[in-house]
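Student: return atomic coordinates for the entry below.
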Amino acid sequence: MTMTIIPVGLEFDGESVAHAFQEAREKLDGADGGLCLDFSSVRRIDPSALREMEELAGMADDKAVKIVLRGVNVDIYKVLKLMKLASRFSFLA
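Tutor: Purely as a prediction, here's the structure:
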């Protein structure tokens, strides 16, 4: 069985954090197995974005959807690891 992964681009610049995760949540409803979030343009992550990521991970667990984070830099990965969120996602370079 092939898993369909829906790509979602994220841009974090001030107010767009909530909008980016709202879009991801909307796409999660239609995701058939996976959702890929592109973090290649993200340089840092704030506490509100971490809360959004935790909520998104919980929703994905409920729907049995795998979330793949693409292009995560080392600093963001370290933050996700410290917040015990890294294990809830898969990572692509």
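Student: from now on I want contacts and neighbour counts done on CA atoms only, so please keep to that.
Tutor: Fine.
Student: so where do the helices sit in this structure?
Tutor: With DSSP state H as the criterion, the chain has helices at 16-30, 47-63, 74-82.
Student: show me what the shortest one is packed against.
Tutor: Right, helix 74-82. With contacts defined as 3 or more Cα pairs under 8 Å, 6 or more residues apart in numbering; DSSP states H and E, helix 74-82 has no helix or strand neighbours.
Student: which of the helices of the chain has the lowest mean pLDDT?
Tutor: Lowest mean pLDDT of the helices of the chain: helix 16-30, a mean of 77.
Student: buried residues in that helix, which are they?
Tutor: Within helix 16-30, the residues scored as buried using 16 or more other Cα atoms under 10 Å are 17, 20, 21, 24, 25, 27, 28.
Student: and the helices of the chain as JSON lines, adding distance to residue 38?
Tutor: Formatted as JSON lines, the helices of the chain follow (distance: least, Cα to Cα, whole Å):
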{"stretch": "helix 16-30", "distance to residue 38": "11"}
{"stretch": "helix 47-63", "distance to residue 38": "13"}
{"stretch": "helix 74-82", "distance to residue 38": "13"}
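Student: mind listing what residue 67 touches?
Tutor: Going by Cα atoms under 8 Å, 6 or more residues apart in numbering, residue 67 touches 34, 35, 36, 37, 57, 60, 88, 89, 90.
Student: again, 10 Å this time
Tutor: 5-7, 28, 31, 33-37, 56-57, 60-61, 88-91 (Cα atoms under 10 Å, 6 or more residues apart in numbering).
Student: picking up where we left off before, looking at the helices of the chain, spot the one closest to residue 41.
Tutor: With respect to residue 41, and counting by Cα to Cα, the nearest of these is helix 74-82 at 11.6 Å.
Student: of the buried residues of helix 16-30, closest to residue 76?
Tutor: For these, the nearest to residue 76 is residue 17 (14.8 Å; Cα to Cα).
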